[in-house]
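*Asks:* structure of the sequence below:
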Amino acid sequence: MSLKRLVGKTAIVTASTDGIGFAIAQRLAREGAKVIVSSRKAANVEEATRKLTQEGLEAKGLVCHVAKQEDRRKLFEEAKKLGGLDILVSNAAVNPEVGGVLDCSENAWDKIFETNLKASYLLAKEALPLLKESKAGRIIFVSSIAAFQPFNLLGAYSVSKTALLGLTKAAAVQLAQENITVNSVCPGVIETRFSAAITQEGPAREVSLSQIPMGRFGVPDDVSGSVAFLASDDGSYVTGENLVISGGMPSRL
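*Replies:* Numbers count the residues shown, from 1 in each chain. Prediction:
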């Protein structure tokens with residue numbers, strides 16, 4: 001990685017021990033940022049931190065369930081130890097039930113919105129004191145192509161990701177005068193453990209591929225570069241945007 005746009009910056013990336021989250025943390029660290037990675041499972045945190053530090057990158061790892069206030073607080077306390085916070089990437093998301101939006105149970109609905117939307121909102125709100133001290137604060141939410149084109153079997157999940165688009169727009173307007181940008185990235189179908197039911201061999205794979213003009217699924221590094229751009233000075237005049245990264249897969253609201 002020849003770009004070093006994030007030297008001197010500190011970043012928090014939630015749900016960052018594998019998949020898209022890990023790729024984002026790795027890319028930010030490769031560009032010079034000090035990165036705090038997190039996950040709900042200690043073993044995963046330890047393994048991700050080991051991978052990054054073995055590469056010579058500066059990384060700290062914390063166990064964090066984003067729906068728990070005390071866990072979120074620990075992320076920001078760790079950032080203070082590293083000198084502050086410049087970049088917040090909210091990536092954590094869950095989908096405990098498969099089915100149409102009106103088939104979702106109330107318990108699953110509450111869990112989806114608590115993690116995918118409310119926790120993102122609270123992370124951004126709680127990060128503000130530190131981001132205001134930064135010369136160029138960045139908030140980046142990880143939404144989804146499903147925010148634009150709801151997936152029938154991921155109904156409630158899709159709605160939660162659509163809500164993130166609105167949060168991005170509203171927060172960007174409020175924080176513009178603070179020189180804090182707020183954007184989201186909206187990945188299409190990316191080959192991760194989360195999307196395995198779609199990307200593995202079978203009818204779902206063929207149907208999904210037929211909707212992607214580039215003819216392939218994305219990989220986590222297809223997303224991480226866009227996040228690094230938004231986090232850097234190159235993205236300093238970009239705010240309130242929801243950036244679709246889908247290989248040409250149609251998106252519209």
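
*Asks:* return the set of buried residues in stretch 99-112.
*Replies:* By neighbour count on 16 or more other Cβ atoms under 10 Å, the buried set for stretch 99-112 is 104, 108-109, 111-112. Every residue, glycine included, has its C-beta placed from N, CA and C.

*Asks:* same deal with stretch 72-82?
*Replies:* Neighbour counts over stretch 72-82 (16+ other Cβ under 10 Å) mark 72, 74-76, 78-79, 82 as buried.

*Asks:* of those residues, which belong to helices?
*Replies:* 72, 74-76, 78-79 (DSSP state H).

*Asks:* adding distance to residue 230, write those residues out as CSV.
*Replies:* Listed next are these as CSV, based on distance: Cβ to Cβ, whole Å:
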residue, distance to residue 230
72, 22
74, 25
75, 20
76, 21
78, 22
79, 19
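
*Asks:* just put those residues in CSV and tack on pLDDT.
*Replies:* What follows is those, written out as CSV (pLDDT from 0 to 100):
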residue, pLDDT
72, 98
74, 98
75, 98
76, 98
78, 98
79, 98
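
*Asks:* would you map the helices across the stretch 51-200 of the chain?
*Replies:* All helices of the stretch 51-200 of the chain, identified by DSSP state H, counting those that start in this stretch, fall at 69-81, 106-113, 119-133, 155-175, 196-199.

*Asks:* check which helices and strands the fourth one sits against.
*Replies:* When contacts are defined as 3 or more Cβ pairs under 8 Å, 6 or more residues apart in numbering; DSSP states H and E, helix 155-175 sits against helix 106-113, helix 119-133, strand 138-142, strand 181-187, strand 242-245.

*Asks:* only the C-alpha atoms, please, for it, written as PDB.
*Replies:* What follows is helix 155-175, C-alpha atoms only, in PDB (Å, rounded to 0.1, in the frame of the first residue of the first chain):
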ATOM      1  CA  GLY A 155     -36.900  -7.500   4.900                       C
ATOM      2  CA  ALA A 156     -36.300  -5.900   8.300                       C
ATOM      3  CA  TYR A 157     -32.600  -5.800   7.700                       C
ATOM      4  CA  SER A 158     -33.100  -3.900   4.500                       C
ATOM      5  CA  VAL A 159     -35.300  -1.400   6.300                       C
ATOM      6  CA  SER A 160     -32.700  -0.800   9.000                       C
ATOM      7  CA  LYS A 161     -30.100  -0.100   6.300                       C
ATOM      8  CA  THR A 162     -32.500   2.300   4.600                       C
ATOM      9  CA  ALA A 163     -32.800   4.100   7.900                       C
ATOM     10  CA  LEU A 164     -29.000   4.500   8.000                       C
ATOM     11  CA  LEU A 165     -29.200   6.500   4.700                       C
ATOM     12  CA  GLY A 166     -31.500   9.000   6.400                       C
ATOM     13  CA  LEU A 167     -29.200   9.200   9.500                       C
ATOM     14  CA  THR A 168     -26.300   9.900   7.200                       C
ATOM     15  CA  LYS A 169     -28.100  12.800   5.500                       C
ATOM     16  CA  ALA A 170     -29.400  14.300   8.700                       C
ATOM     17  CA  ALA A 171     -26.200  14.100  10.700                       C
ATOM     18  CA  ALA A 172     -24.100  15.400   7.800                       C
ATOM     19  CA  VAL A 173     -26.100  18.600   7.800                       C
ATOM     20  CA  GLN A 174     -25.900  19.100  11.600                       C
ATOM     21  CA  LEU A 175     -22.100  18.400  11.700                       C
END
